[in-house]
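Participant: pasting the sequence and the predicted coordinates here, then a few questions.
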Amino acid sequence: MMKSALVTGGSRGIGRAVCQKLAIELGYHVLINYKGNDAAATETLAYIQAAGGSGELLKFDVSNAKEVTDVLGTWSEQNTDGIVEVIVNNAGIAKDGLFMWMTPEDWSSVLQISLQGFYNVTNFFIQKLLRNRYGRIINIVSISGVKGTAGQVNYSAAKAGVIGATKALAQEVAKRNITVNAVAPGFIRTDMTQDMDEKELTKMVPLNRFGEAEEVADLVCFLASKKSGYITGEVININGGIYS
């Protein structure tokens with residue numbers, strides 16, 4: 001049986017680091033989901049294979065229900081001996097701006113990828129996890145979803161929605177040995193934060209630095225492991241003490 005882990009938005013940043021950790025440290029065959037950046041996705045897979053891990057690329061838009069069903073359905077049909085034990089819902093976008101000027105597209109696209117994407121991907125697998133009586137669902141949210149961030153009403157709403165879903169789903173599936181948790185990063189050094197004023201923002205962080213994607217991946221890797229079996233329905237902040 002090929003035990004697998006699916007990571008959405010797995011081609012760069014936190015997603016890439018998570019893919020590498022799950023493959024190398026936990027020995028999962030990693031399904032690297034991405035939407036459009038073929039070069040970055042191929043690079044992520046190459047890193048995993050060079051380190052002795054295994055994986056493959058699955059290109060689809062998590063917000064498109066038909067794409068999700070078609071691609072994951074095809075994979076399931078072609079891998080009858082494969083079972084996805086771990087789902088990391090990491091895909092997300094930010095379209096920041098004051099709410100008074102926020103367009104309907106900027107509102108809906110952010111919610112579609114984070115919140116609808118969580119539904120589309122997790123719902124595809126949930127009955128399979130229940131039948132298998134084991135699973136780890138880990139949702140990457142944000143400090144913005146925990147406390148709210150000015151200029152990110154859409155992003156905060158999307159991530160807060162996933163937090164609510166995390167807590168509710170955890171209660172529904174716990175009896176089948178499936179845990180559902182959320183990880184809420186603060187300022188992490190990735191493509192999404194490269195245009196931020198790191199020197200200025202670091203002043204807000206008690207640990208006096210931005211976090212690294214690998215540090216978030218370490219936490220995700222723990223939650224994906226059997227060591228975390230009694231933790232479910234939790235939102236774990238990883239933000240250098242900026243908010244807890």
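Facilitator: Done, it's in.

Participant: for the host helix or strand of residue 216, the distance to its chain's centre please.
Facilitator: Using DSSP states H and E, residue 216 sits in helix 213-224. Centre-to-centre, helix 213-224 and its host chain are 11 Å apart (CA atoms, centre = their mean, to the nearest Å).

Participant: now swap in stretch 139-148 and tell me
Facilitator: With CA atoms, centre = their mean as the basis, stretch 139-148 stands 12 Å off its chain's centre.

Participant: buried sites along the lowest-mean-pLDDT helix or strand in the chain?
Facilitator: When the helices and strands of the chain are scored by mean pLDDT, DSSP states H and E, helix 198-201 comes last with a mean of 79. Going by neighbour count (16 or more other CB atoms under 10 Å), nothing in helix 198-201 comes out as buried. C-beta here means a position set from N, CA and C on the backbone, and glycine is covered the same way.

Participant: contacts for it next, please.
Facilitator: The contact list for helix 198-201, computed with CB atoms under 8 Å, 6 or more residues apart in numbering, reads 187, 189, 210.

Participant: same thing with stretch 102-118?
Facilitator: Taking CB under 8 Å, 6+ apart as the rule, stretch 102-118 contacts 8, 62-63, 65, 89, 91-95, 97, 139, 153-155, 157-159, 161-162, 165.

Participant: looking at these, which are in strands?
Facilitator: Per DSSP state E, strands hold the following members of these: 89, 139.

Participant: got the contact list for the most centrally placed residue in the chain?
Facilitator: By CA atoms, centre = their mean, the chain has its centre lying nearest to residue 90, at 1.9 Å. For residue 90, the contacting residues are 7-10, 14-15, 18, 140, by CB under 8 Å, 6+ apart.

Participant: who wins for neighbours among the residues you listed?
Facilitator: Greatest neighbour count in the contacts of residue 90, by other CB atoms under 10 Å, goes to residue 7: 36 neighbours.

Participant: count of neighbours near the residue nearest to it when sequence neighbours are not counted?
Facilitator: Of all residues not flanking residue 7 in the chain, residue 88 sits nearest, at 4.4 Å (CB to CB, 6 or more residues apart in numbering). The number of residues packed near residue 88 is 31, by other CB under 10 Å.

Participant: residues contacting residue 88?
Facilitator: By CB under 8 Å, 6+ apart, the residues touching residue 88 are 5-8, 10, 15, 18, 22, 138-140, 220, 224.

Participant: let's see that with 10 Å instead.
Facilitator: 5-10, 14-15, 18-19, 22, 30-31, 33, 121, 136-140, 183, 217, 220-221, 223-224 (CB atoms under 10 Å, 6 or more residues apart in numbering).

Participant: show the pLDDT at residue 196.
Facilitator: pLDDT, the model's per-residue confidence, is 68 for residue 196.

Participant: scratch that, residue 244 is what I was asking about
Facilitator: 52.

Participant: quick check: the residue of the chain most remote from its centre vs residue 171, distance?
Facilitator: Using CA atoms, centre = their mean, the residue of the chain lying farthest from its centre is residue 100. It sits 29.0 Å away. In this view, residue 100 and residue 171 are 37 Å apart by CB to CB, to the nearest Å.

Participant: thanks a lot, catch you later.
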